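Participant: need coordinates for the following:
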Amino acid sequence: MISEVPNSPDAVVGLTSLRDRVLPLISLRTCLGVAREEANDSNRVVVLQIPDRDGAVRRFGVIVDRAREVLRISNEFIEDVPDGIKRHGSDEIECICKLDSGKRLISVLSAREIFCGLNLKEEDEALAASTIDVNTEETEEDDMRGAGDEHLSDDEQLVVFKLAQENFGISIHSVQEIIRLPESFVVVPNAGAEVEGLINLRGMVMPVIDMRRYFNLASCERSERQRIIVLNVQGMLTGYIVDSVTEVLTVTASELTAPPTLNSEAARYVQNVAKTHGGKRMVLVLDSGAFDVVDPDELAAAAEEVAAS
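Facilitator: Predicted coordinates:
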């Protein structure tokens, strides 16, 4: 539910409640001078927490058209913004990421430059009032514990994906990046049935696992919605094909419960169950540390032998 704020800046869509806190909702389209469109099911809210120029921490919900991928990019692929692109006195674009040998460019926005200049007096007052209401039920000891960055203590961020219409989540700290499926894979003979093949990820050979086969689920046709989630499994990067990646979900400790009694194989992978939306939605939280390690060097050597023969 969104509550409109009278006389608010054009970029402010309204206020909403996030775990008993009031959160201003900002239109990224308006901030960047792009015409607004009607809301649809693809829209997502990205929650940002930014220290402003006065040192105060501000929390925003930024409405974007859609969230496609989560990427971790090394410094070697990051370049400065060309002087000709920057407008005078403006630094909305922080840097440029060049991927796929320069065929794909991603503009990295500066949240501080875009959002901290907004005049949110009405919204800040509403946020302050909400904070007072919530804290009246907390003890002095609770207040001292929460004096720092409150969201770091209990919140867990999960990358949520679908497999056979079921929702699964995995800690965002285990996810290196999320990429599209390549046009083809290097097939590895005599590899496990779950191994789809090898791909070249920016000069590194990486094995890719079909997660449906890995979990003994029925196979499906390839589609544009499928993604490869790149995980760091016991120090090795491995890609896992999933039906789709839906969101980055933040859950609190109170929303995480131990899984019910499962067979030994299922219990090995399911770490917790996240119950959101008042228990109406459940996400099985997987433990990436339980995944089997696939040695990419051994697979690459097998593929080279076949190619040589």
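Participant: at which residues are the helices of the protein located?
Facilitator: With DSSP state H as the criterion, the chain has helices at 28-31, 111-115, 121-135, 140-145, 151-154, 211-214, 264-269, 296-308.
Participant: least reliable of those going by mean pLDDT?
Facilitator: Per-segment confidence across those bottoms out at helix 140-145, which has a mean of 35 in mean pLDDT.
Participant: which residue is nearest the centroid of the chain?
Facilitator: Most central residue of the chain, judged by C-alpha distance to the mean C-alpha position with C-alpha atoms, centre = their mean, is V248 at 3.8 Å.
Participant: so that residue touches R68, yeah?
Facilitator: No - under the criterion of C-beta atoms under 8 Å, V248 makes no contact with R68, lying 11.5 Å away. All C-beta atoms are positioned from the backbone trio N, CA, C, and that covers glycine.
Participant: which of the helices and strands in the chain ranks last by mean pLDDT?
Facilitator: Taking mean pLDDT, DSSP states H and E as the measure, helix 140-145 is the helix or strand of the chain with the lowest mean score, a mean of 35.
Participant: how many residues are close by I73?
Facilitator: When neighbours are counted by other C-beta atoms under 10 Å, I73 registers 16.
Participant: how close does it sit to G278?
Facilitator: 37 Å (C-beta to C-beta, to the nearest Å).
Participant: which residues sit in contact with the nearest residue to V285 once chain neighbours are set aside?
Facilitator: The spatial neighbour of V285 that comes closest, neighbours along the chain excluded (C-beta to C-beta, 6 or more residues apart in numbering), is N272 at 4.2 Å. Under the criterion of C-beta atoms under 8 Å, 6 or more residues apart in numbering, the contact partners of N272 comprise L256, T257, A258, P259, V285.
Participant: contacts only, for the second one.
Facilitator: It refers to T257. Taking C-beta under 8 Å, 6+ apart as the contact definition, T257 lies against N272, V273, K275.
Participant: output these as TSV; include the columns distance to D41 and pLDDT.
Facilitator: As requested, the contacts of T257 are arranged in TSV below (distance: C-beta to C-beta, whole Å; pLDDT from 0 to 100):
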residue	distance to D41	pLDDT
N272	27	88
V273	25	89
K275	22	86
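Participant: quick check, nearest of these to R36?
Facilitator: Minimum separation from R36 among these (C-beta to C-beta) is found for K275, which lies at 33.9 Å.
Participant: does that closest one touch E255 like I think?
Facilitator: Yes - at 5.5 Å, K275 and E255 qualify as touching, with contact defined as C-beta under 8 Å.
Participant: when the two are compared, which one has more neighbours?
Facilitator: Counting neighbours by other C-beta under 10 Å for K275 and for E255 shows that E255 has the greater number, 20 against 16.
Participant: what residues are up against that one?
Facilitator: Going by C-beta under 8 Å, 6+ apart, E255 touches A274, K275, T276.
Participant: burial check on the first one, number of neighbours?
Facilitator: A274 has 20 neighbouring residues, counting by other C-beta under 10 Å.
Participant: again with C220
Facilitator: C220 has 13 neighbouring residues, counting by other C-beta under 10 Å.
Participant: many thanks, have a good one.
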